[in-house]
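Undergrad: Okay, sequence plus prediction incoming.
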Amino acid sequence: MRVTFLGTAAARPTVGRNVTSILVQREGDTMMFDCGEGTQRQMMRYGTGFSFGDIFFTHLHADHFLGVIGLLRTLGLQAREEPMDLWTPRGTEATLKQAVELGVERVPFEVRIHGVDPGEKVTRDGYDIVPFKVSHGGKAYGWAIVEHERLGRFNAARARELGIPEGPLWGKLHHGHPVEVDGRTITPADVVGEPRVGRKMVISGDTRPCHATREIAANADLLIHEATFADDEAERAQHTGHSTAREAAEVARAAQVRRLVLTHFSPRYADDPRWLEKEARAVFPETAAAFDGMVVEVPYGAE
């Protein structure tokens, strides 16, 4: 699983940072989370390509969705034919539809808008994309990518000891089916280990620290959490429905995640977010501050 940060600034772009957008690639699938203005240029700049079919919106504040207008137009001019699916908090579909219709001339592909409720999974082959309600006022979600349980490891050496010929019988055993070899019944338990947990990545969207994020991020491989302000602006963070870097780290620590990446920085910190990173690391050492173009790999945990 690979994460590319296309935009890491809050509210407005700065010289060095675009507004919010994150691209996630997982074993051939590519999806976008939020699409701030100018996102299509960021995709060109960082060479991500345009072969994807889903955009998931955390909420419809302008810095999180206005870029979809330019992106769809760019895709249309590239003669795209495949449909594009836009996923948004239930009750905001009309706003998104109006923006798309007003800002984009006819495009040669279908744009499908889906409203979803918290907990309503978007299920794909081997994983789910799960929205959860966060604390940012109105209709605001975070999104979690949660892989399904994986098959246990196949013990090839043991299979050979048991005289099982390589080929289809190995596949049947690995997928849970007993086989017959020379009059003997061999079960999956003889050659396949325990199922293995999949990876989990959580994107907070804009939010105050909240129970829902801590709950769904429990033991996550990666938590991407907004950190709009430093501690000296804690009161402003609370008033505007955002988090400080320290608060984001406290969420990561409580959820016992493996890694935390901070994003969505106020322009006042955008040129040098090291202070935010330092504040967070004092609470949760496995923290990094994102920058535009940053790529984070999410490997499987130790097994």
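TA: Yep, that arrived.

Undergrad: Tell me the buried residues in stretch 42-51?
TA: For stretch 42-51, a neighbour-count test (16 or more other Cβ atoms under 10 Å) marks 42-43, 46, 48 as buried. Quick note: C-beta positions are derived from backbone N, CA and C, even for glycine.

Undergrad: now swap in stretch 127-143 and tell me
TA: 127, 129-136, 139-143.

Undergrad: Please compute how far that stretch lies from its chain's middle.
TA: Per Cα atoms, centre = their mean, to the nearest Å, the displacement of stretch 127-143 from the mean C-alpha position of its chain is 12 Å.

Undergrad: Equivalent analysis for stretch 82-101, please.
TA: 19 Å.

Undergrad: hmm, who's touching it?
TA: 53-57, 59-60, 65-66, 68-69, 72, 75, 109-117, 122, 129, 131, 139-141 (Cβ atoms under 8 Å, 6 or more residues apart in numbering).

Undergrad: thinking again about what came up before, would JSON lines of the buried residues of stretch 127-143 with pLDDT and distance to Ser243 be doable?
TA: Shown next, in JSON lines, are those (pLDDT from 0 to 100; distance: Cβ to Cβ, whole Å):
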{"residue": "Tyr127", "pLDDT": "98", "distance to Ser243": "26"}
{"residue": "Ile129", "pLDDT": "98", "distance to Ser243": "22"}
{"residue": "Val130", "pLDDT": "98", "distance to Ser243": "20"}
{"residue": "Pro131", "pLDDT": "98", "distance to Ser243": "19"}
{"residue": "Phe132", "pLDDT": "98", "distance to Ser243": "15"}
{"residue": "Lys133", "pLDDT": "98", "distance to Ser243": "16"}
{"residue": "Val134", "pLDDT": "98", "distance to Ser243": "10"}
{"residue": "Ser135", "pLDDT": "98", "distance to Ser243": "9"}
{"residue": "His136", "pLDDT": "98", "distance to Ser243": "10"}
{"residue": "Lys139", "pLDDT": "96", "distance to Ser243": "18"}
{"residue": "Ala140", "pLDDT": "98", "distance to Ser243": "13"}
{"residue": "Tyr141", "pLDDT": "98", "distance to Ser243": "15"}
{"residue": "Gly142", "pLDDT": "98", "distance to Ser243": "12"}
{"residue": "Trp143", "pLDDT": "99", "distance to Ser243": "16"}
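
Undergrad: and which of those residues is nearest Phe229?
TA: Checking the buried residues of stretch 127-143 against Phe229 by Cβ to Cβ gives His136 as the nearest, at 13.9 Å.

Undergrad: Which strands and helices lie in contact with the helix or strand hosting Thr74?
TA: Element membership for Thr74, per DSSP states H and E: helix 67-77. In terms of contacts (3 or more Cβ pairs under 8 Å, 6 or more residues apart in numbering; DSSP states H and E), helix 67-77 is packed against helix 39-46, strand 84-89, helix 93-103.

Undergrad: Now flag whichever of the buried residues of stretch 42-51 is closest to His242.
TA: Gln42 (22.4 Å).

Undergrad: how much space is there between that closest one and Met294?
TA: As judged by Cβ to Cβ, to the nearest Å, Gln42 and Met294 stand 12 Å apart.

Undergrad: Next: Arg150.
TA: For Arg150, the distance to Met294 - Cβ to Cβ - is 27 Å.

Undergrad: Check Arg184 too.
TA: On the measure of Cβ to Cβ, Arg184 and Met294 end up 54 Å apart.

Undergrad: and what of Gly49?
TA: Distance, Gly49 to Met294, by Cβ to Cβ: 17 Å.

Undergrad: With Arg106 instead?
TA: In terms of Cβ to Cβ, Arg106 sits 36 Å off from Met294.

Undergrad: I'd like the average pLDDT over stretch 50-70.
TA: For stretch 50-70, mean pLDDT rounds to 97.

Undergrad: list the buried ones in that stretch?
TA: 52, 54-61, 63-70.

Undergrad: still on that earlier bit, with neighbour numbers in mind, choose between Arg184 and Met294.
TA: More crowded of Arg184 and Met294, by other Cβ atoms under 10 Å: Met294, with 16 against 11.

Undergrad: Is the nearest residue to Val3 once chain neighbours are set aside in a helix, a strand, or coil?
TA: Nearest residue to Val3, sequence neighbours excluded (Cβ to Cβ, 6 or more residues apart in numbering): Val296, at 4.4 Å. Using DSSP: H, G, I helix; E, B strand; the rest coil, the structure places Val296 in strand.

Undergrad: Now do the contacts for Val296.
TA: Taking Cβ under 8 Å, 6+ apart, we find Val296 in contact with 2-3, 5, 222, 259, 261, 288.

Undergrad: ok, now Val197?
TA: With contact set as Cβ under 8 Å, 6+ apart, Val197 has these partners: 149-150, 301.

Undergrad: Good, wrapping up.
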